[in-house]
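Visitor: my questions concern the predicted model and sequence given below.
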Amino acid sequence: MKVLRKKVLAAAALSAAMLFSIAGSAASQAGTADDPAVLAADRDFEQAIVKSDAAAMGKLLDSDFQWIHANGKIESRAQVLARMAELARRGEVIVDAGYPFAGKTDTRRHDYGQAAVAQTDADRNHVLRVWVKRPAGWRALVYQEVQSLDAPPKMTPSAGKECQNPCKSVPYTPKTETQRAVIEAYRGLETSAMTHDAADWDAHTGEEFVAASSYSDRLLDKPTRMAELKRANMAGLAPTPLASATLFEFGDAVVMRSRHVPDQGKPLEVTRVWVKRDGKWVEVASYQTAVQGGAS
């Protein structure tokens, strides 16, 4: 019975596996985070899962928190807290079974003042964790999973040849001057990608830029992405029509959560992080998860 239980639960254990990868790599990456409170929050997040401690987890999740699973399913703060026991069981199975990601993870951390980003990679599995600074302390705003393809993509979702949306206009009305500037930067970034203008795309992104997509077979850092654009190869990552968006402002950082419906392929749940540098907004992270059948 115990062996059967392990096999059944392990088949759906991507979330827990990536959660436990945080602990395996945090020590070696601690020096890259300016605020030790962010590292403490990350560790407390993991321990809350292990112990099925909904009370502890509740103190770490922002009221606007979203968990975006690798299949595109979205869970709110309330939904995550309601299934803490299940998360703990899945974590226990992974630990007992000796999951295959042990010792093979890589985590990058970036502190942007009132927002911080942690990115964990294990083989084809990628997780973005976005922490934001509230009056009461650091809170998790996004936990997003992306699973890369095991081979180069056969198709790339896109906005079509004209790229009306998002290159020329988007169905989003900015509420502040900061949001207006970020949306303008977003449209400029997508236009440069659509026209394969690597130099202009370079100007719209930070040096630490990383993108992960369900439609790509690789994690795209800035040099890799620029090389692909110069070859007119989207590598599975292309502008897609914006359906809806929510922007969160944290000083010189903005978190943009959005849903996209391409002209071909499945809808995408996307999280982007923007940072203001030298008076202009640049994108530093883009995680795009395809919505599979039944996920919402």
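Guide: That came in fine, so what should we check first? Numbering: from 1, shown residues only.
Visitor: can you check which helix is longest in this protein?
Guide: helix 177-194 (DSSP state H).
Visitor: how about it: buried residues?
Guide: 178-179, 181-183, 185-194 (16 or more other CB atoms under 10 Å). C-betas here are computed from N, CA, C, even on glycine.
Visitor: export it to CSV, keeping only CA atoms.
Guide: Taking Å, rounded to 0.1, in the frame of the first residue of the first chain, the C-alpha atoms of helix 177-194 are listed here in CSV:
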residue,chain,number,x,y,z
GLU,A,177,1.7,57.0,-14.6
THR,A,178,3.9,54.1,-13.6
GLN,A,179,1.5,51.6,-15.2
ARG,A,180,1.4,53.7,-18.3
ALA,A,181,5.1,53.7,-18.6
VAL,A,182,5.4,49.9,-18.0
ILE,A,183,2.7,49.2,-20.6
GLU,A,184,4.5,51.4,-23.1
ALA,A,185,7.8,49.5,-22.3
TYR,A,186,5.9,46.2,-22.7
ARG,A,187,4.6,47.2,-26.1
GLY,A,188,8.1,48.3,-27.2
LEU,A,189,9.6,45.0,-26.0
GLU,A,190,7.0,42.9,-27.9
THR,A,191,7.5,45.0,-31.1
SER,A,192,11.2,44.5,-31.0
ALA,A,193,10.7,40.8,-30.6
MET,A,194,8.2,40.7,-33.4
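Visitor: which other helices and strands does it contact?
Guide: In terms of contacts (3 or more CB pairs under 8 Å, 6 or more residues apart in numbering; DSSP states H and E), helix 177-194 is packed against helix 198-203, strand 242-250, strand 253-260, strand 268-277, strand 280-290.
Visitor: tell me the domain ranges of this structure?
Guide: Here the domain parsing of the chain from automatic domain parsing is 2-147, 164-290.
Visitor: closest one to P157 among those domains?
Guide: domain 164-290 (3.2 Å; CB to CB).
Visitor: could you give the mean pLDDT of the closest one?
Guide: Averaging pLDDT along domain 164-290 gives 96.
Visitor: would you mind measuring the gap between the ends of that domain?
Guide: 22 Å (CA to CA, to the nearest Å).
Visitor: let me see the contact set for the nearest residue to K175 once chain neighbours are set aside.
Guide: Excluding the flanking residues, the one nearest K175 by CB to CB, 6 or more residues apart in numbering is L247, at 7.9 Å. By CB atoms under 8 Å, 6 or more residues apart in numbering, L247 lies in contact with P174, K175, Q179, V182, I183, V254, V255, M256.
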